[in-house]
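Novice: Show me how the following folds:
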Amino acid sequence: MISIRYKAFIPAGLLGAVLIALTSIAHFAITQLTNTNASLAGRYHEIEEVRHIEVAVNRLVYPLVATLMVESPEARDSVTRRLDEIRDMIGELRELAVVNSEEHELLNIIDNRLTHIEGISGIMLRLPPSEHQRAMAMLNDLTAYQLTQLSDLIHTWHEDEARQVNELQEASAAVGDRFRWWTGLFASALAMLLIFALWLNNRILVKPVMTISRSTSKLAAGELESHITLKANDELGGLAADINNMAASLQSVHQRLEAMANSDSLTGLLNRRAFEAIAPREFEAARRYRRKLAIAILDLDHFKLVNDTHGHNVGDEVLRTVANLMATTLRQSDYVFRFGGEEFVLLLQEADEPCAMTTLERFRRRIADAVITVGDLQLRVTASFGAACYPTDAQDVESLLQLADAALYAAKNDGRNRCYTHAGRTQLDQPAIVRPQLEFS
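Specialist: Purely as a prediction, here's the structure:
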């Protein structure tokens, strides 16, 4: 693949080739005079068409007068035919290549005036014989103002075209004399243009393309935060802006996908994948800054009985309610994760064993006191908790999880609806625990 740095010299090479070719074919350039003559021919044609329109407009008054005098359908058709002929001539004039934008605007003005004349003449020709005097007055007004102004406008255009033809003839005569002198000057200018093109090509093409190439390579490598810094008010600048927008969109989509991948679809809590990313990070921060940390596992008691008795829809609502209770009770610095089924994991910052047990006991009571309503059904559930603390119980996340899981099973075996540490100790002053039963109504 040829590098863009080498491709950038292609325009310069083309300019050099043009310079050599220009020197060889300079004596043939006199043929350009034929183009001038062709333009002259077009101008002559345009003048002829303008003259025809001018004559037709000046003669329009005769069929109008005849119509008022004779009052015959043939006379009315003659007026319409004359107006249609003028419009056809205007249309032919529009098709000429030599007619410029200013002349097209002039044709629009003529067309509008002609439409106005058509409207007045139409009203005038529809007047009954009893209003003959009014029709004659309208004809006088049409002749004195509308047709006269239109004729003057076309006449002025005709004179301007004649003057342009004379100027074009004079310019054509001067082309041959000036051509040899301009050829030498153009050759010198082209040589300087060659040098300038090399510099400009490198400035506006090579460097921006290389900048974009380096940035897109970073994007392809996954560095979505990489942005192109390119100050160019052209296509390359637009391309750089589009790439930056695309990178921002990809980064936003990536963040949303990450959030979806780390969220539990049923409860909206963080999931196990999020725990595997967050827990090591928080544990490392606790180790580095010598902070305390607690991990607790929560499991709903007899949850299978809820699903078997009332169906999974009720079970899902129970899970959502419990998740909401924990999410609204936690501190902003703490985390709650759904590990699957009816099992949840809590990550408590700056929490030793007494603090963790106080927090878990508060959770346990909120869950036990909550009345969960699903339609006409009301029920209560309880939960068991097992916890382990850093640095007193274990020195890594996996060990803390294992100890918390063991404490959870001890709480389950001892009757459920209670909070245990890994050693089986309950929160101080906790009332006697009676084996819970699910309440349904």
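Novice: Same question for residue 227, what's its three-state structure.
Specialist: coil (DSSP: H, G, I helix; E, B strand; the rest coil).
Novice: same thing with residue 244?
Specialist: helix.
Novice: Find the residue closest to it in space, skipping its chain neighbours.
Specialist: Distances taken as C-beta to C-beta, 6 or more residues apart in numbering put residue 227 closest to residue 244, at 5.0 Å, once the chain neighbours are dropped. Where C-beta positions appear, they are placed from N, C-alpha and C, glycine not excepted.
Novice: Distance-wise, check the one you found relative to residue 418.
Specialist: Distance, residue 227 to residue 418, by C-beta to C-beta, to the nearest Å: 55 Å.
Novice: likewise residue 103?
Specialist: Distance check for residue 103 against residue 418: by C-beta to C-beta, it reads 98 Å.
Novice: Between these two, which is the more surrounded one?
Specialist: Neighbours were counted for residue 103 and for residue 418 using other C-beta atoms under 10 Å; residue 418 has more, 23 against 18.
Novice: tally of neighbours for residue 290?
Specialist: Residues lying near residue 290 (other C-beta under 10 Å) number 7.
Novice: so where do the strands sit in the protein?
Specialist: In the chain, the strands defined using DSSP state E lie at 270-271, 293-300, 335-340, 343-349, 372-374, 377-380, 383-390, 419-421, 439-440.
Novice: Mind putting the ones you listed into a markdown table with mean neighbour count and mean pLDDT?
Specialist: What follows is the strands of the chain, written out as a markdown table (neighbours: other C-beta atoms under 10 Å; pLDDT from 0 to 100):
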| stretch | mean neighbour count | mean pLDDT |
| --- | --- | --- |
| strand 270-271 | 20 | 91 |
| strand 293-300 | 25 | 95 |
| strand 335-340 | 20 | 91 |
| strand 343-349 | 21 | 95 |
| strand 372-374 | 15 | 90 |
| strand 377-380 | 15 | 92 |
| strand 383-390 | 26 | 95 |
| strand 419-421 | 28 | 92 |
| strand 439-440 | 12 | 42 |
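Novice: can I get those in TSV with distance to residue 57?
Specialist: Output for these, formatted as TSV (distance: least, C-beta to C-beta, whole Å):
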stretch	distance to residue 57
strand 270-271	86
strand 293-300	98
strand 335-340	89
strand 343-349	94
strand 372-374	90
strand 377-380	93
strand 383-390	100
strand 419-421	105
strand 439-440	100
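Novice: Residue 252 is nearest to which of those strands?
Specialist: strand 270-271 (20.1 Å; C-beta to C-beta).
Novice: Residue 417 contacts residue 380, correct?
Specialist: No. The pair residue 417 / residue 380 is not scored as a contact, 10.6 Å apart, by C-beta atoms under 8 Å.
Novice: which residues do the two both contact?
Specialist: Both residue 417 and residue 380 are contacted by residue 368, under the criterion C-beta atoms under 8 Å, 6 or more residues apart in numbering.
Novice: how close does residue 334 get to residue 351?
Specialist: Separation of residue 334 from residue 351 (C-beta to C-beta) stands at 8 Å.
Novice: need the helices for the stretch 201-350 of the chain, in chain order.
Specialist: 207-220, 235-261, 272-288, 303-310, 312-329 (DSSP state H, counting those that start in this stretch).
Novice: Could you work out which of those reaches nearest to residue 47?
Specialist: helix 235-261 (43.8 Å).
Novice: about what we covered before: more crowded one of residue 334 and residue 351?
Specialist: Shown here are residue 334 and residue 351; by other C-beta under 10 Å, residue 351 has more neighbours (26 against 18).
Novice: what are the phi and psi values for the more buried one?
Specialist: Main-chain dihedrals, residue 351, degrees, to the nearest 10: phi -130, psi 120.
Novice: Just confirm residue 294 contacts residue 386, I think it does.
Specialist: No. Using C-beta under 8 Å, residue 294 makes no contact with residue 386, being 11.0 Å away.
Novice: how close does residue 330 sit to residue 47?
Specialist: For residue 330, the distance to residue 47 - C-beta to C-beta - is 91 Å.
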